[in-house]
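> 3D model of this:
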Amino acid sequence: MISEGTVALARRLRVVALVVLLLGGAMIPLAGFFPISLEGEPVDVARRRPVRGMAEGPKSVEPLLGKLAGRRLIRPAQVQAAVQDGGVAAKLLKQLTLRGVAQRNGGRAAYVEVEKGGTKVVRKGDTLLGFLVEDVAPGRVSLSLEGVLLELNH
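This next block holds a predicted model:
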């Protein structure tokens, strides 16, 4: 059972909390009536100080959004996951022979002979026997298969 002293204390605390709440809410509007001195200056000097206006902002946010659209705001962590290679990529690579690299239409193209498949022309971003062509450079082609990076050379 709760004692009468505890009940009386709870009532007093409720009244005090209510008074603090009411006075706290009233203090915000009252703060405007009391002049505040800036940096220790007399109150009348602080009142005469001109108020600086805000800088003029853009009329439209469209140009700002256009600038932000081309930026990567969040950069993912540059972590490469561990890859288990069961030798599949190396076996498939044996079926490919680099025949040459040429400059075509503003980019490099590689001529790769596929065993029992003829010669294929590939560029960066293309796929060949499941490989993704990562890069085409003079004398070499970088390929990846499920995270395994390999190079095909002359």
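> from memory residue 128 sits against residue 117, does it?
No - the pair residue 128 / residue 117 is not scored as a contact, 9.4 Å apart, by C-beta atoms under 8 Å. For every residue, glycine as well, the C-beta is placed using N, CA and C.
> Neighbour count for those two, which is higher?
Legend: neighbour count by other C-beta atoms under 10 Å for residue 128 and residue 117, higher for residue 128 (20 against 12).
> contacting residues for the closest residue to the more buried one other than its chain neighbours?
In space, and not counting its chain neighbours, residue 128 is closest to residue 122: 5.3 Å by C-beta to C-beta, 6 or more residues apart in numbering. Shown in contact with residue 122 (C-beta atoms under 8 Å, 6 or more residues apart in numbering): 109-110, 112, 128, 133, 136, 141.
> how is the protein carved up into domains?
What automatic domain parsing lists as the domains of the chain is 4-48, 88-153.
> among these, which is the most enclosed?
domain 88-153 (a mean of 15; mean count of other C-beta atoms under 10 Å).
> what distance separates the start and the end of that one?
Across domain 88-153, the terminal residues are separated by 18 Å (C-alpha to C-alpha, to the nearest Å).
> pLDDT averaged over it, what's the number?
Across domain 88-153, pLDDT averages out at 90.
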